[in-house]
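1. give me a 3D structure for the following:
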Amino acid sequence: MPSSSRRTTSRSLSTVTLACATAVALAGCSGTADADAGTDDGGLTVVAAFYPLAWLSEQVAGDLADVTSLTPDGAEPHEYELTPRDVAAVAEADVVVHLPTLQPAVDAAIEQQAADSAFDAGEPADLSLTYQAHDHEHADEDADEDADEDAHADEEEHVDEEGHADEVVTDPHFWHDPMRMADVGDALAERLGTVDEANAEEYTANAAELRAELEQLDEEFRTGLADCASRELVTSHTAFGYLAGSFGLEQFGISGLAPDAEPSTDALTEATEFVREHDVATIYFETLVSPAVAETVARETGAQTRQLDPIEGLTDASRGEDYLEIMRANLASLREGQQCS
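-> You can find the predicted model right below:
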């Protein structure tokens, strides 16, 4: 898929970077945007923050837009920082598809350079899954559709016995639920049709075709995970809550939402106890991050380890060429690890 090959070295999105990107003639910047940005035939330019959003944008836009991903293959999106050329691409795009809070540098560039062209994928995705910062279990999930909004507001802050407030964070990993992906595709088609009215019907048709593919994928997961010996899904990174909630599994993340977070000794002990109590046979590790956390718990419990791809980006270790193939590889891994018939 189209993807930026730029590697990033900065750790923050500096004022100099933003000023450099907004200059009309970017000649004074060392990482300027390509002079020929956009399509030669006048089609739309769509910039997506990271791989799942880029893949989705490609499916909906088809041949009518030039879609690029800000996050290079093999890079960890959560830690991604922007170059001046990246910021220039954001500023010049017709539509910027992003997921707020997952990549702060992208959020900053959009706020200052592309507020009018931004498309927030989180809104149609219905990011309803939240966690207490210290918890492994979700605090609120889409399954609780009838929950009172006031009750949800009360969950926004938890105060422990010593009076310390724990932050409540929203899980952004909606793309593990195919039907949420379909909803975002429909909304993106509507947005592209607003920007490019002449081709609105084609965007809508592409989104409908995508929905059909995702409905098939959803059915494969429902059938494949319907009869499993274990319903407990133990992962090194708390990234599979939407998948678990959609297909009847219970996620237990050893680390939090940040994939590089180091679990505390208490968290490792809690995970070990959970695995033993529920006779969990498999601990899942991910691409893009070290398997050390999963291996530590596996050694303590006698469980095996198995790869489960968060699909945050393509790498040499990805078990597939695109989102659909990797999701099906994840399903095969889950069927083995959860001992499904």
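2. for the stretch 51-200 of the chain, just list every one of the strands.
-> 65-69, 95-98, 118-120, 130-132, 138-140, 157-159, 165-170 (DSSP state E, counting those that start in this stretch).
3. any chance of those strands in JSON lines, with mean neighbour count too?
-> Placement of C-beta: from N, CA and C, glycine included. Shown next, in JSON lines, are those (neighbours: other Cβ atoms under 10 Å):
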{"stretch": "strand 65-69", "mean neighbour count": "24"}
{"stretch": "strand 95-98", "mean neighbour count": "26"}
{"stretch": "strand 118-120", "mean neighbour count": "20"}
{"stretch": "strand 130-132", "mean neighbour count": "19"}
{"stretch": "strand 138-140", "mean neighbour count": "20"}
{"stretch": "strand 157-159", "mean neighbour count": "12"}
{"stretch": "strand 165-170", "mean neighbour count": "15"}
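4. mean pLDDT lowest where, among those strands?
-> Of all the strands of the stretch 51-200 of the chain, the minimum mean pLDDT falls on strand 138-140 (a mean of 40).
5. quick check: phi and psi on the residue lying closest to Glu250 once chain neighbours are set aside?
-> Closest residue in space to Glu250, ignoring its immediate chain neighbours: Glu232 at 5.2 Å, by Cβ to Cβ, 6 or more residues apart in numbering. The phi/psi pair for Glu232 (degrees, to the nearest 10) reads phi -90, psi 120.
6. I'd assumed Ala271 was in contact with Glu232.
-> No - at 11.1 Å, Glu232 does not count as touching Ala271 under the criterion of Cβ atoms under 8 Å.
7. would you quantify the distance from the residue nearest to Ala200 when sequence neighbours are not counted to Ala61?
-> Once flanking residues are discounted, Ala200 sits nearest to Gly193: 3.0 Å by Cβ to Cβ, 6+ apart. Per Cβ to Cβ, to the nearest Å, Gly193 is found 11 Å from Ala61.
8. now the common contact residues for those two.
-> Tyr203 (Cβ atoms under 8 Å, 6 or more residues apart in numbering).
9. compare those two (neighbour count), which wins?
-> Neighbour tally, Gly193 and Ala61, criterion other Cβ atoms under 10 Å: the higher count belongs to Ala61, 25 against 18.
10. surely that one and Tyr203 touch.
-> Yes - Ala61 is in contact with Tyr203 according to Cβ under 8 Å; the separation is 7.0 Å.
11. who touches both of the two?
-> Listed contacts common to Ala61 and Tyr203 are Leu192; contacts here mean Cβ under 8 Å, 6+ apart.
12. in stretch 172-182, what's buried?
-> Pro172, His173, Phe174, Trp175, His176, Asp177, Pro178, Arg180, Met181, Ala182 (16 or more other Cβ atoms under 10 Å).
13. export it to CSV, keeping only CA atoms.
-> Coordinates of each C-alpha in stretch 172-182 appear next as CSV, following Å, rounded to 0.1, in the frame of the first residue of the first chain:
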residue,chain,number,x,y,z
PRO,A,172,-8.5,3.7,20.1
HIS,A,173,-8.1,0.2,18.6
PHE,A,174,-11.5,0.1,16.8
TRP,A,175,-10.1,-1.5,13.6
HIS,A,176,-10.1,-5.0,15.3
ASP,A,177,-13.9,-4.9,15.0
PRO,A,178,-14.7,-5.2,11.2
MET,A,179,-18.1,-3.6,11.6
ARG,A,180,-16.7,-0.5,13.2
MET,A,181,-14.3,-0.3,10.2
ALA,A,182,-17.4,-0.5,7.9
